[in-house]
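**Student:** pasting a predicted model and its sequence here:
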Number of protein chains: 2
Amino acid sequence: MDVKQAIEILTKKGYKTTGRRKDILAFFEQADGYRTAKDLLQFMEEKYEGISPDTVYRNLHLYAEMKILENTELNGEKHFRMKCTTHHHHHFICSSCGKTKEINVCPMEEVENKLPDYRIEDHKFEIYGLCPSC
Amino acid sequence: MDVKQAIEILTKKGYKTTGRRKDILAFFEQADGYRTAKDLLQFMEEKYEGISPDTVYRNLHLYAEMKILENTELNGEKHFRMKCTTHHHHHFICSSCGKTKEINVCPMEEVENKLPDYRIEDHKFEIYGLCPSC
DNA sequence: TATCATATCGTAATCATTACGATTTGTAAA
DNA sequence: TTTACAAATCGTAATGATTACGATATGATA
């Protein structure tokens, strides 16, 4: 997912493309990993002095709902990153810098066979630790 | 993990066995699944009128730190349950009632081979959905 | 350029969690 | 059993993240 694709989704669903929305997307595009709401708020405050926290959180939720961002809990805080648009996969997440590495292992097929009477709606498979540079 | 084992751990590490601590453990022993801090607080207030929220949260963290409880995020809220003491495994978690089902699938060996330069510290593999009764 | 629904602001409210001094209470030694 | 003391809890306030909301500003479309 990049800024261009995200804006297309917004437009198609009838949402407006404002400067703040574009800058939030740009922040995550260049972020290369998971970032907190606070990180984003600080970034936005540099350009938009006195920006309302409401604006930041509202758009974070909007983007998560529209599958433009994905989120996870890291060190007790919610973190966000651009959603991957390629094939299904999971991530190693560096708990120090938030960078991720794609992991192409998913045991869900095996698991589904073991849960015949359950309705499976979602799953999470994440590996945490330190990346080579941290 | 049951109440008896948990109290042994507390005692061994020099923590006191208070009525409140025993009742918190009893709550999770009979809970059979994940419960929120609020669930626990409500339960405790029935018996201990005017109990301080500090007491509840402090002990939740103490138990999590001592590996008596494990926790996860469910519907945006932290949930806790008694820690499993058997062999390593993962869980299906019902997002409606919080009940869990043991899943004996773990692909970490395969994953470790793919991350030679990374320090792996933890991993999470959880399946979410509805259990047969929900 | 005018219109209008949407987005944002400014600020306050909410909610979960944490902090802290005062008081109470297990625990272990006398 | 009593005493002594560190640990636990209370009562209450502070904190911090998030959400709410009426007023105002601003994209998008005609």
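**Tutor:** Great, that's in hand.
**Student:** for residue A:22, see how far away the spatially closest residue to residue A:68 that is not a sequence neighbour is.
**Tutor:** Nearest residue to residue A:68 in three dimensions, chain neighbours excluded: residue A:6, at 4.7 Å (CB to CB, 6 or more residues apart in numbering or on different chains). Every residue, glycine included, has its C-beta placed from N, CA and C. Here residue A:6 is placed at a distance of 9 Å from residue A:22 (CB to CB, to the nearest Å).
**Student:** all strands of chain A, in order?
**Tutor:** Using DSSP state E, the strands found in chain A span residues A:35-36, A:69-74, A:77-82, A:90-94, A:100-103, A:119-130.
**Student:** could you check the angle strand B:90-94 makes with the last one?
**Tutor:** When axes from the mean of the first three to the mean of the last three CA atoms, to 10 degrees is applied, the directions of strand A:119-130 and strand B:90-94 differ by 130 degrees.
**Student:** sheet-wise, list the partners of strand A:119-130 with their directions.
**Tutor:** In the sheet containing strand A:119-130, its partner strands are strand A:90-94 (parallel), strand B:119-130 (antiparallel), by DSSP bridges.
**Student:** could the C-alpha coordinates of it be exported in CSV?
**Tutor:** As requested, C-alpha coordinates have been extracted for strand A:119-130 and formatted as CSV (Å, rounded to 0.1, in the frame of the first residue of the first chain):
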residue,chain,number,x,y,z
ARG,A,119,-16.1,-20.1,13.3
ILE,A,120,-12.6,-18.8,12.6
GLU,A,121,-12.7,-15.0,11.9
ASP,A,122,-9.1,-13.9,12.3
HIS,A,123,-5.6,-14.9,13.5
LYS,A,124,-2.4,-13.3,14.5
PHE,A,125,1.0,-14.8,14.2
GLU,A,126,3.8,-12.4,15.2
ILE,A,127,7.4,-12.9,16.1
TYR,A,128,9.0,-10.3,18.4
GLY,A,129,12.7,-9.6,19.2
LEU,A,130,15.6,-7.5,17.9
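**Student:** what about residue A:109, how many residues close to it?
**Tutor:** Burial of residue A:109 is recorded as 8 neighbouring residues (other CB atoms under 10 Å in any protein chain shown).
**Student:** ok, now the one 3 residues further on?
**Tutor:** Using other CB under 10 Å, residue A:112 is surrounded by 13 other residues.
**Student:** close enough to count as contact, it and residue A:120?
**Tutor:** Yes. In this structure residue A:112 lies within contact range of residue A:120 using CB atoms under 8 Å: 6.3 Å.
**Student:** what does the pLDDT read for the residue lying closest to residue A:128 once chain neighbours are set aside?
**Tutor:** Distances taken as CB to CB, 6+ apart put residue B:122 closest to residue A:128, at 4.4 Å, once the chain neighbours are dropped. Reading off the per-residue confidence, residue B:122 sits at a pLDDT of 91.
**Student:** ok, residue B:122 - contacts?
**Tutor:** With contact taken as CB atoms under 8 Å, 6 or more residues apart in numbering or on different chains, residue B:122 is in contact with A:127-129.
**Student:** returning to that earlier point: more crowded one of residue A:6 and residue A:22?
**Tutor:** Neighbour count, other CB under 10 Å: between residue A:6 and residue A:22, residue A:6 has more, with 25 against 14.
**Student:** need the contact list for the more buried one.
**Tutor:** If you count contacts by CB under 8 Å, 6+ apart, then residue A:6 has A:25, A:63, A:68 around it.
**Student:** what's the end-to-end length of stretch A:25-45?
**Tutor:** Distances were taken as CA to CA, to the nearest Å; on that basis the terminal residues of stretch A:25-45 are 15 Å apart.
**Student:** residues in contact with it?
**Tutor:** A:2-3, A:6-7, A:20, A:23-24, A:51, A:53, A:55-57, A:60, A:63, A:68-69, A:71-72, A:74, A:77-82, A:93-94, A:97-100.
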